[in-house]
Each structure stands twice: as C-alpha cells, then as structure tokens.
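**Student:** Task: produce atomic coordinates for the following.
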Amino acid sequence: DDELQTDGNRSGHFRNGELELAPTNEDVIRIIAAQLAEIGDQFDKEIQGRVVNDLVQHFLNENLSTEEITMHMSRAVSKLTQSLPSDMEQEKAMLVLAMVLTKKIVNTMPSLLHRVFNTTLNYMNQQLHNFIVEMVSAVKQ
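**Tutor:** The predicted structure follows:
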C-alpha cells in the first residue's frame, strides 16, 4: 500500500498522527560525518607538521606501490593513535586520524589529491571496514 514517489521525496508512515520518516543512508552518513568532524577538529591540532611532511614525501615517491604507501599511512596513524587519550575507541581514532591526515596532506600538496584519496580509501577498507559497517548499523538503529 506504499505510494510511489516520483518527485524525489521520501514517503513515510503516520504514527500517532505524525509523519514518521525512516532514516536513510544519507541521513546516517550525515550524522556520522558530523561526529567524526568534531573529533577531527580536536585531532587536527595534535598532528605535527613533520608527520604530514613525511607522508607527503612518500606520496611524491612515484616508485612506491599503493601497498607501500598504504603501509606508511597505517604506520603514521598507528603512531599517532598511541599518543592520543585512551578514552576513545581505537578504531574511531584511527578512522578520524586517517581522514585528518588526508586533509592535511592535500592542503600541503593539492596535486596529490587523487593518490592520497585512493590510499586513504584503501587503508580504511583494509583496516577499518568492519568498524565502519558496525558504526553505520548502530546509527541506523
């Protein structure tokens, strides 16, 4: 009995006289992104320029494979995670640090955007895939 929506609007169901919309993936992603951005702003100040510059040099090295660059990213994130307060889930800290490092590297050397983005995505898929899936599932509930 659901109606077909052709105008781009989401259909909802009435509950207790009010229209109730189920959260969409887009809504879930916005919620998670806002939470991660807040944490990222805090971490941004903690990351030393030397770490970013070292990673920039690795990304500039055309001889390094994607796997080698991902390994350098992973080491930098692990090292930074150890220096953070332990009151946060390690996986969440790793995710935010990877994104903050990506931002800082691209701000330092914009021409590396494509390589840095692909490496970060590769790192997140290898190291944090299950955590991301669990995080999205938890927000949907």
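**Student:** quick one: Ile69 from Gln90, how far?
**Tutor:** Ile69 is 22 Å from Gln90, where distance means C-beta to C-beta, to the nearest Å. The way it works is simple: take the backbone N, C-alpha and C, and place the C-beta from them, glycine included.
**Student:** what about Ala98, how many residues close to it?
**Tutor:** 22 (other C-beta atoms under 10 Å).
**Student:** list the buried ones in whichever strand or helix holds it?
**Tutor:** Element membership for Ala98 (DSSP states H and E) is helix 90-108. By neighbour count on 16 or more other C-beta atoms under 10 Å, the buried set for helix 90-108 is 91-106.
**Student:** gap between it and the chain center?
**Tutor:** Mean-position distance between helix 90-108 and its chain equals 7 Å (C-alpha atoms, centre = their mean, to the nearest Å).
**Student:** With just CA atoms, put that helix into CSV.
**Tutor:** Taking Å, rounded to 0.1, in the frame of the first residue of the first chain, the C-alpha atoms of helix 90-108 are listed here in CSV:
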residue,chain,number,x,y,z
GLN,A,90,40.9,2.9,18.9
GLU,A,91,39.1,2.2,15.6
LYS,A,92,37.3,5.5,15.7
ALA,A,93,40.5,7.4,16.5
MET,A,94,42.2,5.6,13.6
LEU,A,95,39.4,6.5,11.2
VAL,A,96,39.5,10.2,12.2
LEU,A,97,43.2,10.4,12.1
ALA,A,98,43.3,8.9,8.6
MET,A,99,40.9,11.5,7.4
VAL,A,100,42.6,14.4,9.1
LEU,A,101,46.0,13.2,7.7
THR,A,102,44.4,13.1,4.3
LYS,A,103,43.1,16.6,4.6
LYS,A,104,46.5,17.9,5.8
ILE,A,105,48.4,16.2,3.1
VAL,A,106,46.1,17.5,0.4
ASN,A,107,46.2,21.0,1.9
THR,A,108,50.0,20.8,1.8
